[in-house]
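# take a look and give me a structure for this.
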Amino acid sequence: MFLELKLFPEQASTMAGQVDTFYFFLLGLSGFATLFISGLIVAFAIRYRKTAKVDRSNAPTHSMPLELFWSSVTLVIFMGIFFWSAAIFFNLQRPPDDAIEVQVLGKRWMWKLQHPNGRREINELHVPLGQAVKLKMTSEDVIHSFYVPAFRIKADLLPGRYTSTWFEPTKVGTYHLFCAEYCGTKHSQMLGSIIVMEPNDFQAWLGGDTGLPPAVAGEKLFTQMGCITCHNPDAKRRGPDLAGLFGTQVELQGGGTALADENYLRESIVDPRAKMVKNYEPLMPTFTGLLSEEAILQIIEYIKSIGPEDGDPAATGSASETPQETVS
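Predicted structure coming up:
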């Protein structure tokens, strides 16, 4: 019985083949250049060794055609590498529009994950075959790195900031999930699994024991923490109406704008005075230490879920006349 030797993990996502093809191209190009240059060194060392009878007079100092040739060839090769790698990078950073979003929270030493319908998992992520999955990630303590070799994805989870990555599985099975960033004494134990299921099996699993969807839980927190006191149309403009805010440009005091994405909303919750909205007073307190990272994620999901009411223009965070504050 022979021991099967695998130099590389299997390809189990739509991007794995692209990443591997580019990697093998770089490996082959580097190997060719190494052998070519090493061969020239050996050949010249033998040909022009001290005892060799060769004409050493009138040695050429330069050759313009040769210099133009190797400069042009290397330029074409390196620009080709740049555009090829840039295309793969953009593909890895831009999930399809129909991707389902899963929240990922890293903490020493476990992975906490939650599906859009509220179902939670610890160190496991169940996903359907052939469906793009977007991971919205953050860390509760130190830097972690979400690494799935079979999918060829690796992305850092940063404390105080949201990052994302995505994948679309192509094979049913169970795949290793590692933390690829040293995060403490039990770093090697921060392991998990990605379980790819047939779509029907996944739907049956997903409909099991679920909790509140993140947006619903966020709405409850929004009320419990008093955010609704200022951030509603009847609040005498103490705070902007958040309906339709997400994804818009917010006008800031002193000029300039900011995109109201997840990172902006989080910063406005934990440090409301970091980016003061135009025409709003600094009335909002900080919620640092009062809300966990999971709770902040839930409130952000609620804000993302509310759109402008009929006849009410989407709020951009720029008020017209009266004193206001940043988002909660």
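
# surely A45 is within a helix?
Yes: A45 sits within a helix when classified using DSSP: H, G, I helix; E, B strand; the rest coil.

# burial of it, as a residue count?
10 (other CB atoms under 10 Å). For every residue, glycine as well, the C-beta is placed using N, CA and C.

# can you check G254 too?
Neighbours around G254, by other CB under 10 Å: 7.

# can you check the pLDDT for it?
Per-residue pLDDT puts G254 at 82.

# check A59 too.
Reported pLDDT for A59: 75.

# so how many other residues sit close to it?
For A59, using other CB under 10 Å, the count is 6.

# equivalent analysis for V127, please.
21.

# bridge partners for it, pull those for me.
Applying DSSP bridges to V127 yields these beta-bridge partners: V196.

# where in the protein is pLDDT low?
Along the chain, the model assigns pLDDT under 70 to residues 1-5, 208-209, 233-237, 308-328.

# in it, which residue sits furthest out from the middle?
K53 (62.7 Å; CA atoms, centre = their mean).

# how close does it get to R47?
Remark: distance between K53 and R47 (CB to CB, to the nearest Å) = 11 Å.

# for E101, helix, strand, or coil?
strand.

# contact partners for the nearest residue to it once chain neighbours are set aside?
Once flanking residues are discounted, E101 sits nearest to K134: 4.8 Å by CB to CB, 6 or more residues apart in numbering. Residues in contact with K134 (CB atoms under 8 Å, 6 or more residues apart in numbering) are 95, 99-102, 164-166.

# which parts of the chain are helices?
With DSSP state H as the criterion, the chain has helices at 16-47, 64-93, 199-206, 214-224, 227-230, 262-270, 293-305.

# dump the ones you listed to JSON lines, plus distance to K6.
What follows is those, written out as JSON lines (distance: least, CB to CB, whole Å):
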{"stretch": "helix 16-47", "distance to K6": "13"}
{"stretch": "helix 64-93", "distance to K6": "23"}
{"stretch": "helix 199-206", "distance to K6": "27"}
{"stretch": "helix 214-224", "distance to K6": "38"}
{"stretch": "helix 227-230", "distance to K6": "52"}
{"stretch": "helix 262-270", "distance to K6": "38"}
{"stretch": "helix 293-305", "distance to K6": "37"}
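
# re earlier: max pairwise distance over the contacts of K134: which two?
Spatial extent of those (CB to CB) is set by the pair I100 and T165 at 13.7 Å.

# same drill for those two, tell me which one is more crowded.
T165 (21 against 15).

# in the sheet, who's paired with the more buried one?
With DSSP bridges as the rule, T165 is bridged to L135.

# contacts for stretch 70-88 next, please.
15, 18-19, 22, 25-26, 29.

# list the buried ones in it?
Within stretch 70-88, the residues that qualify as buried are I88, counting by 16 or more other CB atoms under 10 Å.
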